[in-house]
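give me coordinates for this.
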Amino acid sequence: MTVTVPGPTLGVVGGGQLGRMLAEAAAPLGVEVIVLDPTPDCPASPVARDQIVGDFDDPEAFRELASKVDALTFEIELADAELLDDVAAEFDLSVNPDPETLSMIEDKLVQKRALADAGVPVPPFRRVDDADDLRDALEEFGAVMLKARTGGYDGRGNVPVTDPDDAEDAMAAVGGPAMAETFVDFARELSVIAVQGEGEVRTFPAGENVHEEEILRETILPARTTDEVQARADEVARDVLETLSGRGVFGIELFETSDGSISVNEIAPRPHNSGHWTIEGARASQFEQHVRAVLGWPLGSTRLRCPTVTANVLGTVEEPRSARLGNVEAALSDPDASLHWYGKDEVRPLRKMGHLTVTGNGAGDDHVPDDLLAHARDVRDALTFE
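Residues are numbered from 1 along each chain as shown. Presented below is the predicted three-dimensional model:
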């Protein structure tokens, strides 16, 4: 393989915060990015070379994107997998991860069946098409997490159900065919950011995720668990990669139970919110790794630099309004903090508007002290929406 810079131009379907950070990571490598997104002046547009305004299933917009780039990828599961495949073939472009993988992952039931068939540990689950199916699942599993098969994100489309009398309301809340998964009484949620390159696989250390109201609030590195659990999480993540085709970064969410066992919650075929810590906390970020992987370039190091905590900056307003973050000096004046603003024009309740990363003193620390997590929360909570 011969790599030269300036390098190729990468087309990205999706121009949200992930597209923005992909473009930021691509630039030092000599790679330019063009994004396709339906929102004019999307978050990625200020840092990408160009934006094509079009829906995620718009054939003409896809063809315009393909005509201007050397390779294709995506940063959102709403990308039309079949259209990606067709356009890549028409313009003789590589598209990674494989659209077949996108099709498998975007339907949570299909995803879980593929993992189970491959022997990857997953919580017991079953298909649910209506309220009667849900009541049957409750009888089989007890408490369940009802998940919309497609379209759910940030906890949306997930409804915990314990009472058969709530079945109709729960089905209405997810809005269509769903999957019921036995409710896992987990000790913690972990995530492994795994990278599949050209003939090589690398994994970042497992992070520990802290959720509230089904939304990720903080990710802690290294996870506050045992070395044995870390090793098992890495092993399972690598097994997951064997079920997927195509190159790129995959966010793999895992449950750790009180006995140390690991099962897979969900997979994202792209960089993941729980991997944002890698920008300051690892040798090469998940975004740089994704660019390298989809282009078939050698992968970078996934070594942890130092203990790291990422805290999401979520909308704290009661009603949507223009986005303006105040008291930013609280983050800028902190020597251990790094602020990332996503460039979204409108702030809404609990919408992810940015994130804050706080780093510790060195990679030799075996565990992240609780005060590093408290530090990240304090700096994050000092920020206000004006």
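
is L304 bridged to anything, and to what?
On the basis of DSSP bridges, L304 is bridged to A282.

could you measure from it over to E228?
Between L304 and E228 the computed distance is 18 Å (C-beta to C-beta, to the nearest Å). In this view, the C-beta of every residue, glycine as well, is placed from N, C-alpha and C.

if you count what's nearby, which of the two comes out ahead?
More crowded of L304 and E228, by other C-beta atoms under 10 Å: L304, with 19 against 9.

list the contacts of the more buried one.
Each residue near L304 by C-beta atoms under 8 Å, 6 or more residues apart in numbering is listed here: 204-205, 221-222, 281-282, 363.

again with A89
Contact partners of A89, counting by C-beta under 8 Å, 6+ apart, are absent.

buried sites along stretch 320-335?
Neighbour-count burial for stretch 320-335, with 16 or more other C-beta atoms under 10 Å as criterion, is recorded at 323, 325, 330-331, 334.

what does that stretch contact?
313, 315, 337-339, 341, 344-349, 353-354, 356, 358, 379-380, 382-386.

6 Å instead?
For stretch 320-335, contacts defined as C-beta atoms under 6 Å, 6 or more residues apart in numbering pick out 337, 339, 344-348, 356, 379, 382-384, 386.

now, the residues you listed that are in strands?
337, 339, 346-347, 356, 384 (DSSP state E).

by neighbours, which of those wins?
L356 (26 neighbours).

what's the helix or strand for D55?
Counting by DSSP states H and E, no helix or strand carries D55.

hang on, the earlier thing: tabulate the contacts of stretch 320-335 (CSV), appending distance to F56 and pLDDT.
Below are these laid out as CSV (distance: C-beta to C-beta, whole Å; pLDDT from 0 to 100):
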residue, distance to F56, pLDDT
A337, 34, 96
L339, 29, 98
K344, 18, 96
D345, 19, 94
E346, 20, 96
V347, 23, 96
R348, 20, 95
L356, 29, 97
V379, 35, 96
A382, 36, 96
L383, 31, 96
T384, 33, 95
E386, 32, 89
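
would you list those residues in JSON lines and tack on distance to L72?
Shown next, in JSON lines, are the contacts of stretch 320-335 (distance: C-beta to C-beta, whole Å):
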{"residue": "A337", "distance to L72": "35"}
{"residue": "L339", "distance to L72": "31"}
{"residue": "K344", "distance to L72": "25"}
{"residue": "D345", "distance to L72": "27"}
{"residue": "E346", "distance to L72": "29"}
{"residue": "V347", "distance to L72": "31"}
{"residue": "R348", "distance to L72": "30"}
{"residue": "L356", "distance to L72": "32"}
{"residue": "V379", "distance to L72": "38"}
{"residue": "A382", "distance to L72": "41"}
{"residue": "L383", "distance to L72": "36"}
{"residue": "T384", "distance to L72": "40"}
{"residue": "E386", "distance to L72": "39"}
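
from the residues you listed, pick the one nearest D163.
R348 (30.3 Å; C-beta to C-beta).

not counting sequence-adjacent ones, nearest residue to the closest one?
Using C-beta to C-beta, 6 or more residues apart in numbering and skipping the chain neighbours, the partner closest in space to R348 is P320 (4.5 Å).

helix or strand right after the longest helix along the chain?
Ranked by residue count, the top helix of the chain under DSSP state H comes out as helix 227-241. Using DSSP H and E, the helix or strand that follows helix 227-241 in sequence is strand 248-257.

next, the buried residues of that next one.
Quick answer for strand 248-257 (16+ other C-beta under 10 Å): 248-256.

let me know the average pLDDT across the helix or strand following it.
Of the helices and strands lying after strand 248-257 in sequence (DSSP H and E), the nearest is strand 262-268. For strand 262-268, mean pLDDT is 96.

before we move on, what about stretch 319-328?
When pLDDT is averaged along stretch 319-328, the result is 94.

coming back round to it: please pick the buried ones from the contacts of L304.
Buried members of the contacts of L304, counted by 16+ other C-beta under 10 Å: 204-205, 221-222, 281-282.
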